[in-house]
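**Student:** Using only what follows, build the 3D model:
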Amino acid sequence: MENTFFGIINENEFQKLDTKDKENYLIKNNILEANLVIQFEGTLEKTGIGESRLRFPLQPKREVSISSIAINNYYQFLIEIYTPIIEGEFIMFRRDYEKDNFAIENDKKRKYALKIFNNKFEKVCKKGYDVMIIENNQYTLKNHFSSLDKERNDLKAKLTEDPTHIMPFLYGRKEFYNHDFIQQNDLIKLIITFESTLKILTWINLEFKFTEDNYFDEDRLKIRELSDRLNNQVPFRVIQFIHKCITDIEVDKYAHVTSLFIAIKTLNLAKIKEVDFRKAINELYGFNLSRLKKPSFSYSSNERIDSFIKKWEKFKS
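**Tutor:** Predicted coordinates for the structure are as follows:
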């Protein structure tokens, strides 16, 4: 996620504003969001001798809160600035894990990993927390990573309860978020513990495939977003194929992406416009491709197209 809110406010200029202007400035810059809340205030009115009626006039009231996009940016900033701590916890875990599992049979290694996975999961998600849900009037087990995603969202919500420590982020004061800040803030400690544990859980799951991860697996997230950007009009298996091919490209991006697009059209895998395909690839994978034009006949271009066609035949089976 691109962090667009760090340093968005000029602190000196902002402090000169009165309270109302500060609020309006924050709303204008999508840091706060304003909502009209309708309140019903009942009053008793006399309509005649011995008669009365209850009246409920509407009382609209504006309430402001920190926007979800600002909180998401702030949370991502916290992850990035505390990455050395998060990575350090993960490296220490990997060191101990590899030492404990050296020369251990795969079956025993898997059982050991599952035990660690469950123990660590229950430390950051209360036992049974958000595990049971109702679908079609039936109870069913909820995925572990769905619960972890809910836990992360709860942590983000808690950040809105004390907006004072968000202001240095908006001012661009990175030095504010030092060791002393961590020690004085229990919520920040919880976030760091959660993110380091989450990194361990996603790694274990990647190794042993205990459960499906549609929330934190970067490949799955990218595939889902690519599908959304192409308006869900491309078959999911084709989306997976496109993602695999794009992430495998190391050199000559334009030539390879062009050949991939031509191969897709040749095989009639999807009805997709060049401009939509190119825009999605540029935005999601950080490319900067101009219009994809069918190359003039050459051995190398035909060879690339044939290569993608063969890859698809192998990939779909």
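
**Student:** Just to check, E274 is in contact with L289?
**Tutor:** No. Assessed by C-beta atoms under 8 Å, E274 is found out of contact with L289, at 10.3 Å. In this view, the C-beta of every residue, glycine as well, is placed from N, C-alpha and C.

**Student:** quick one: R291 is in a helix?
**Tutor:** No. Applying DSSP: H, G, I helix; E, B strand; the rest coil, one finds R291 to be coil, outside a helix.

**Student:** residues contacting it?
**Tutor:** R291 makes contact with 274-275, 278 under the criterion C-beta atoms under 8 Å, 6 or more residues apart in numbering.

**Student:** Just the buried positions in the strand or helix carrying K123, please.
**Tutor:** In this assignment (DSSP states H and E), K123 forms part of helix 106-124. Buried residues in helix 106-124, defined by neighbour count with 16 or more other C-beta atoms under 10 Å: 109, 113, 116-117, 120-121, 124.

**Student:** can you state the direction angle for the longest helix anywhere in the chain and helix 106-124?
**Tutor:** Ordering each helix of the chain by length in residues (DSSP state H) puts helix 186-208 first. Helix 186-208 and helix 106-124 are oriented at 160 degrees to each other (axes from the mean of the first three to the mean of the last three C-alpha atoms, to 10 degrees).

**Student:** got the CA coordinates for helix 186-208 in CSV?
**Tutor:** Extracted C-alpha coordinates of helix 186-208, given in CSV (Å, rounded to 0.1, in the frame of the first residue of the first chain):
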residue,chain,number,x,y,z
ASP,A,186,0.5,-1.0,25.3
LEU,A,187,-1.5,-1.0,22.0
ILE,A,188,1.7,-0.6,20.0
LYS,A,189,3.2,-3.5,21.8
LEU,A,190,0.1,-5.6,21.0
ILE,A,191,0.4,-4.6,17.3
ILE,A,192,4.1,-5.5,17.1
THR,A,193,3.4,-8.9,18.9
PHE,A,194,0.4,-9.6,16.6
GLU,A,195,2.4,-8.8,13.4
SER,A,196,5.4,-10.8,14.4
THR,A,197,3.2,-13.8,15.3
LEU,A,198,1.2,-13.3,12.0
LYS,A,199,4.4,-13.5,10.1
ILE,A,200,5.3,-16.8,11.8
LEU,A,201,1.9,-18.2,11.2
THR,A,202,1.8,-17.3,7.5
TRP,A,203,5.3,-18.9,7.1
ILE,A,204,4.3,-22.1,8.8
ASN,A,205,1.1,-22.3,6.7
LEU,A,206,3.1,-21.7,3.5
GLU,A,207,5.4,-24.6,4.4
PHE,A,208,2.7,-27.1,5.4
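
**Student:** Could you pick out the buried ones from the contacts of R291?
**Tutor:** Neighbour counting with 16+ other C-beta under 10 Å marks R278 as buried within those.

**Student:** Next step: the contacts of R291 restricted to helices.
**Tutor:** Cross-referencing the contacts of R291 against helices under DSSP H gives 274-275, 278.

**Student:** Dump these to JSON lines, plus distance to K174 and pLDDT.
**Tutor:** Shown next, in JSON lines, are those (distance: C-beta to C-beta, whole Å; pLDDT from 0 to 100):
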{"residue": "E274", "distance to K174": "42", "pLDDT": "91"}
{"residue": "V275", "distance to K174": "39", "pLDDT": "92"}
{"residue": "R278", "distance to K174": "36", "pLDDT": "93"}
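
**Student:** from these, which single one is nearest I9?
**Tutor:** Nearest to I9 among the ones in helices among the contacts of R291 is R278, at 35.5 Å by C-beta to C-beta.

**Student:** Quick check, the closest one in contact with N288.
**Tutor:** No. Using C-beta under 8 Å, R278 is not in contact with N288; the gap is 10.3 Å.

**Student:** Need the contact partners of the helix or strand containing V257.
**Tutor:** Applying DSSP H and E as the criterion places V257 in helix 253-266. Identification of contacts with helix 253-266 by C-beta under 8 Å, 6+ apart yields 238, 242, 245-246, 249, 270, 272, 274, 277-278, 281, 287, 289-290, 292-295, 300-301, 304-305, 307-309, 312.
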